[in-house]
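K.L.:
Based on what follows, work out the 3D shape:
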Amino acid sequence: MKTPSEFEHYLSFINCSVKPAPEVLPFKKHPASRLAITISRQSGSGGAEIAKLLASELEQVAPGDGCPWTVFDRNLVERVLEEHHLPQSLARFMPEDRISEISGIMDELFGLHPSSWDLVRQTSDTILHLAHWGNVILIGRGAVVVTAKLENVFHVRLIGSAHKRVERLMSAQHLNQEAAQQHIVKEDQGRERYLKTYFDKSIDDPSLYDLVINTDRMTMGAAAKVVAQAALITLKPA
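P.N.:
Got it, this is the predicted structure:
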């Protein structure tokens, strides 16, 4: 659930993004004026924390002409449901680590309408819309593939050793070692399966990313600063 400040920030972004924008075509290269960033992450590598710090860093070094830098992670589900006029009851089917290998036929058999394939397509449409607007940090859900042909998007992969990620998860979620290990395995497998099933890509393919960071070797704040500077250097015109 969003806090009041988070809700106000999200509402500010929505109000900004409904302003008229130049027409763009999906999956075509587009030199948009606003930067967007995708983050793919191993479970426990600090993705959510780094994204939050990154948004704050970019507000300082690359303010978005009135449109605040906004992170889309779990709240991306809400945005998809709003944009495609879908019932809130579908939210429980949409986390990337919950999508199974059940086919569209099985989805229909068990009464899921639209099918998981339709939900992924609609999620991808929303990711494209957000990336076209820019000033967004998109976490997971195949955003790295969906936005691959957009010239205004910078792609990041966060990784870490198993033991460091387990330690981080134990501290953040107050889990014992066994529970943290099981959580990491389940999430990582779900994310790998999501990208392979729906986009036929390997999540560990380094060619998908502009930057890969091992979060064992730096603080979350340092990682956020590295991403911000690398994205600005790579994508901003001289």
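K.L.:
Strands of the chain, residue ranges please.
P.N.:
Here the chain has its strands, by DSSP state E, at 36-41, 70-72, 136-139, 153-159, 211-214.
K.L.:
Which of those has the lowest mean pLDDT?
P.N.:
Lowest mean pLDDT within these: strand 70-72, a mean of 86.
K.L.:
Check which helices and strands that one is in contact with.
P.N.:
Where contact means 3 or more C-beta pairs under 8 Å, 6 or more residues apart in numbering; DSSP states H and E, strand 70-72 is packed against helix 4-17, helix 47-61, strand 136-139. Any C-beta I mention is one placed from the backbone N, CA and C, and that applies to glycine too.
K.L.:
mind redoing it with 6 Å?
P.N.:
When contacts are defined as 3 or more C-beta pairs under 6 Å, 6 or more residues apart in numbering; DSSP states H and E, strand 70-72 sits against strand 136-139.
K.L.:
List the neighbouring strands of the strand it packs on plus their orientation.
P.N.:
In the sheet, strand 136-139 lines up against strand 36-41 (parallel), strand 70-72 (parallel) (DSSP bridges).
K.L.:
Just say which of the ones you listed is most tucked in.
P.N.:
strand 36-41 (a mean of 27; mean count of other C-beta atoms under 10 Å).
K.L.:
Mind exporting the C-alpha coordinates of that strand to PDB?
P.N.:
Output of strand 36-41 as PDB, limited to C-alpha atoms (Å, rounded to 0.1, in the frame of the first residue of the first chain):
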ATOM      1  CA  ALA A  36      14.200   6.100 -18.900                       C
ATOM      2  CA  ILE A  37      16.000   3.300 -17.100                       C
ATOM      3  CA  THR A  38      15.200  -0.400 -16.800                       C
ATOM      4  CA  ILE A  39      16.500  -2.500 -13.900                       C
ATOM      5  CA  SER A  40      16.800  -6.300 -14.000                       C
ATOM      6  CA  ARG A  41      17.900  -7.800 -10.700                       C
END
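K.L.:
Run the angle between that strand and helix 47-61 for me.
P.N.:
160 degrees (axes from the mean of the first three to the mean of the last three C-alpha atoms, to 10 degrees).
K.L.:
Next, the angle from strand 36-41 to strand 153-159.
P.N.:
Using the same axes, to 10 degrees: strand 36-41 against strand 153-159 is 20 degrees.
K.L.:
can you list contacts of strand 36-41?
P.N.:
47, 51, 131, 134, 136-139, 143-144, 152-158, 231 (C-beta atoms under 6 Å, 6 or more residues apart in numbering).
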